[in-house]
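Q: Sequence first, then the predicted structure, then my questions.
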Amino acid sequence: MLLLGGAVLSRMSVTITPPEERTCELCGREERWDDEADGWRIAAEPGNVYCIHEWDINGSFVPLEE
């Protein structure tokens with residue numbers, strides 16, 4: 001596998017693209033991926049600081065492209 005510009009390429013001609021944004025299902029906190037920081041950054045309101053954030057990992061985002 002090869003990591004190229006935020007996408008993981010494999011030899012089986014499938015591209016895996018990571019998400020660029022996420023929202024906590026419990027408190028509504030929104031985060032965006034920051035390439036310069038190589039991590040997630042708060043996009044707007046921080047939400048509940050005591051929340052154990054539940055990110056929508058089973059949602060409509062499809063990371064595979066053929």
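A: Now that the structure is in, tell me what you want to look at.

Q: Please read off the pLDDT at L3 from the model.
A: Residue-level confidence at L3 comes out at 50, pLDDT.

Q: now swap in W40 and tell me
A: What the model reports for W40 is a pLDDT of 91.

Q: what secondary structure does the residue positioned nearest the centre of the chain sit in?
A: If you average the C-alpha coordinates of the chain and look for the closest C-alpha using Cα atoms, centre = their mean, you land on P19, 3.3 Å from that point. Three-state secondary structure (criterion: DSSP: H, G, I helix; E, B strand; the rest coil) places P19 in coil.

Q: The closest residue to E30 other than its chain neighbours: neighbouring residues, count only.
A: Among residues not flanking E30 along the chain, A43 sits closest, at 4.2 Å (Cβ to Cβ, 6 or more residues apart in numbering). C-beta here means a position set from N, CA and C on the backbone, and glycine is covered the same way. Residues contacting A43 under the criterion other Cβ atoms under 10 Å number 13.

Q: how near is A43 to R29?
A: When Cβ to Cβ, to the nearest Å is the yardstick, A43 and R29 sit 8 Å from each other.

Q: same deal with T23?
A: T23 is 7 Å from R29, where distance means Cβ to Cβ.

Q: sorry, back to before: confidence score at the closest residue to the residue nearest to the centre of the chain other than its chain neighbours?
A: Sequence neighbours aside, F61 is the residue nearest to P19 in space, at 5.4 Å (criterion: Cβ to Cβ, 6+ apart). F61 is assigned 70 on the pLDDT scale.

Q: Can you give me the neighbour number for F61?
A: When neighbours are counted by other Cβ under 10 Å, F61 registers 13.

Q: In three-state terms, label it for me.
A: For F61, the secondary structure call by three-state DSSP comes out as coil.

Q: In this structure it contacts P18, no?
A: No: at 9.4 Å, F61 and P18 do not qualify as touching, with contact defined as Cβ atoms under 8 Å.

Q: those strands in the protein, which residues are they?
A: Taking DSSP state E as the criterion, the chain carries its strands at 2-4, 7-9, 15-16, 21-23, 30-34, 39-42, 64-65.

Q: picking up where we left off before, so what's the residue nearest to the centre of the chain up against?
A: W33, F61, P63 (Cβ atoms under 8 Å, 6 or more residues apart in numbering).

Q: All set, thanks.
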